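> Provided below for reference: sequence and predicted model.
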Amino acid sequence: MTPAELSQAVQAAVSAAVEAGELTVAVPETVNVERPKNRDHGDYAVNVALQLAKAAGKPPRQVAELVAARLRELPGIAKIDIAGPGFLNITLDAATQGELARTVVTAGAQYGHGDAFAGQKINLEFVSANPTGPIHIGGVRWAAVGDSLARILRACGADVTTEYYINDAGVQISKFGTSLQAAANGRPVPEDGYVGEYINDIAAEIVKQVPGILELDDATQLESFRTEGLRLMVAEIQRSMEEFGVHFDVWFSEKSLHDSGAVEKAVERLREQGHVYDQDGAVWLRTTDFGDDKDRVLIKADGDTTYFASDAAYYLNKRDRGNDVSVYMLGADHHGYVGRLKAIVACAGDDPSHNIEVLIGQFVKMLKDGEEVRMSKRAGNIITIDDVVDWIGVDAARYSLARVPTDSTLTLDIDVLTSQTKDNPVYYVQYAHARMCSIARNAAEMGIESTAEDFKPELLSTPWENQLLGQLGKFPGVLASAGELREAHRVARYLEELAGDYHRFYENCWVLPRGDEEVTDLNRARLLLVEATRTVFANGLGLLGVSAPERM
RNA sequence: GCGCUCGUAGCUCAACGGAUAGAGCAUUUGACUACGGAUCAAAAGGUUGCAGGUUCGAAUCCUGCCGAGCGCACCA
């Protein structure tokens, strides 16, 4: 029996009690079923009585008894205790619990997937770092988390588009071009330009690819460095992302919004909505109507559009492409944008509490030799995505970034991650998977087959098997809440718990026959449990973009 | 000054308002003559920054302080 099935059974029991006139409450839409931490509290704990007690006007324990009386009639339920303030502690019989293994194996790669977001079109925009340099550690955090979130939401049935916004218009790109030109001509980079080894590399590459560029007149040359530099840098970022296992469906050019006139059109559309006004020669959007600190300029007095106008045009573009929800993943240094972004949505006539979500990623600090590495893009000392991958590999990098919530600052100790990779939890999880594959290999050599058809679930009766089964049953719920809360780390944390439960099972429950022992149904039942567990690891690691190795 | 985010074991971090706040690392002690010891078992480690409030129940929600990070452009 899965937690979802049990939840429905409890809900039905509440309904029955209401219909019988024993309870006068509204039947809750969902009933919370959870695995209690303490084994003495049964296989599942339900707190529905505590939630209903007040509305029902009865003590929680009395409500619990009404529900429990009906649940006890159901097949598969071994025992129900009413504990503490009014928890229902439910114990299933071994066969009912063991069925979970069959459920998992039968569903295979689809196990855990759901349809909570079916029919929803969700746009995820992340990283979107300026193409004036390599992706640094802050971008890597969102690359890992954003991509995992995309995979998770897809597994929840959503129609997801992943997107990278390329800031290829504006002064930063001009400075980038100027810096490249200076480097290529052996001149010092301007005060506010970009420096670093990569500038010299790209400059040299452009000189190689565009013969005679240094003979062009200054303005033409600069334009060439600007365009070529941008092209090379974007290609470089794309390569880094693909190597990191992150795929963007759309690489969206800010410049294209200007070239197509979309920015001007966006201003007009907002004007039609009645939130645009002119003052001091500039064109403003009255974002303060929707909670922003101050109104924002769309078109400056000199006639240029602002970056904010591009943002507005970009949102409208996303909306026009049919996205119901646009998720923005921003670094902490951009959290001041939340108010104005939501105001754009409201000014466009959409619902800022539904059509847009902004996730904030706090900074990642890096420790080296016990000291924080201060990064400065302008000064050219940056930790790039390629550095991180070189040091610890894609799996460890993605995992260590995806296993923590994004709203806290995170400190990664380079020395720990480089010298003692065993400390990284990713190995704990991957090792569990490799161990299972090893058992499967041994079983195959011994000619042992275990199929869902001849599986005898009642044989999985030890506490370790029970615990492992219960953990497997949690996976769909974990996945659903990770999607709903936009928190990829829940999947990683779950896998760590599952790995612990598997390792303990492994220590205490021998799976295969030893020596020349006969193959028993218990061997086969445990082998199926191993396969079920392996399936969940493979599915879970896949959602994190981390490999599930068969050998390590 | 205003706003956003965050303060949890020595360190890095968990805990969709639930029962005795959990892992890993580091420390101490055990377990490999059969499925991979990158593992397991056990010990030790906490006034969840401080003070109030909300309720059956608060690390979680509210208020006020303290501390940290970040942001407050007709810049991008």
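All right, it came through fine.
> now for A:Lys265, how many residues are close by?
Using other CB atoms under 10 Å, A:Lys265 has 14 other residues around it. C-beta coordinates here come from the backbone N, C-alpha and C atoms, glycine included.
> you'd agree A:Val394 is up against A:Gly245?
Yes: between A:Val394 and A:Gly245 there is a contact under CB atoms under 8 Å: 6.0 Å.
> now the stretch 151-300 of chain A against RNA strand B: closest residue?
Across the stretch 151-300 of chain A, the shortest distance to RNA strand B (CB to the nearest atom of the strand) belongs to A:Gly170, at 1.8 Å.
> ok, that residue - contacts?
For A:Gly170, the contacting residues are A:Glu254, A:Tyr307, by CB atoms under 8 Å, 6 or more residues apart in numbering.
> show me what contacts A:Leu285?
Neighbour list for A:Leu285: A:Leu270, A:His275, A:Val276, A:Asp295, A:Arg296, A:Val297, A:Leu298, A:Phe308, A:Ala312, A:Ala343, A:Ile344, A:Cys347 [criterion: CB under 8 Å, 6+ apart].
> do the same with A:Glu243
A:Glu243 sits next to A:Val389, A:Val394 when contact means CB under 8 Å, 6+ apart.
> phi and psi next, for it.
Torsion angles at A:Glu243 (phi, psi; degrees, to the nearest 10) stand at phi -70, psi -30.
> next one: it from A:Pro190, what distance?
Distance of A:Glu243 to A:Pro190, given as CB to CB, to the nearest Å: 32 Å.
> check A:Leu472 too.
60 Å.
> okay, these two: which has more neighbours?
Remark: of A:Leu472 and A:Pro190, A:Leu472 carries more neighbours, 24 against 13, as counted by other CB under 10 Å.
> isn't that one right up against A:Glu99?
No: using CB under 8 Å, A:Leu472 is not in contact with A:Glu99, being 10.8 Å away.
> helix or strand: which one has A:Lys365?
strand A:364-368 (DSSP states H and E).
> now do the buried residues in that strand.
The neighbour-count check on strand A:364-368 (16 or more other CB atoms under 10 Å) flags A:Val364, A:Met366 as buried.
> do the same with stretch A:356-375
By neighbour count on 16+ other CB under 10 Å, the buried set for stretch A:356-375 is A:Ile356, A:Glu357, A:Val358, A:Leu359, A:Ile360, A:Gly361, A:Gln362, A:Phe363, A:Val364, A:Met366, A:Met375.
> list the ones among the residues you listed that fall in strands.
Among those, DSSP state E puts A:Ile356, A:Glu357, A:Val358, A:Leu359, A:Ile360, A:Gly361, A:Val364, A:Met366 in strands.
> tell me the one of the residues you listed nearest A:Val140?
A:Val364 (7.6 Å; CB to CB).
> from A:Val416, how far out is that closest one?
Going from A:Val364 to A:Val416 by CB to CB gives 14 Å.
> out of the ones in strands among the buried residues of stretch A:356-375, show me where the pLDDT dips lowest.
Lowest in pLDDT among those is A:Met366, which has 85.
> just checking, that one touches A:Thr384?
No: counting by CB under 8 Å, A:Met366 does not reach A:Thr384; the two are 11.6 Å apart.
> could I get the full set of strands for the stretch 151-300 of chain A?
A:159-166, A:250-253, A:276-279, A:282-285, A:296-299 (DSSP state E, counting those that start in this stretch).
> between which two of the buried residues of stretch A:356-375 is the distance greatest?
A:Ile356 and A:Met366 (31.4 Å).
> name the helix or strand for A:Glu5, please.
Assigned by DSSP H and E, A:Glu5 belongs to helix A:3-19.
> return the set of buried residues in that helix.
Of all the residues in helix A:3-19, those buried under the rule 16+ other CB under 10 Å are A:Pro3, A:Leu6, A:Ser7, A:Ala9, A:Val10, A:Gln11, A:Ala12, A:Ala13, A:Val14, A:Ala16, A:Ala17, A:Val18.
> and the fourth one, what does it touch?
Read it as A:Ala9. A:Met1, A:Leu71, A:Leu74.
> how close does the nearest residue to the last one once chain neighbours are set aside sit to RNA strand B?
Of all residues not flanking A:Leu74 in the chain, A:Ala9 sits nearest, at 6.0 Å (CB to CB, 6 or more residues apart in numbering). Using CB to the nearest atom of the strand, to the nearest Å, one obtains 17 Å as the distance from A:Ala9 to RNA strand B.
> on that earlier part again, RNA strand B: which of the ones in strands among the buried residues of stretch A:356-375 is nearest?
For those, the nearest to RNA strand B is A:Ile360 (5.9 Å; CB to the nearest atom of the strand).
> isn't that closest one up against A:Val327?
No: under the criterion of CB under 8 Å, A:Ile360 makes no contact with A:Val327, lying 11.7 Å away.
> how many neighbours does A:Gln167 have?
Wrong residue type there; residue A:167 is Asn, not Gln. Residues contacting A:Asn167 under the criterion other CB under 10 Å number 17.
> now find how far off-centre stretch A:267-274 is within its chain.
35 Å (CA atoms, centre = their mean, to the nearest Å).
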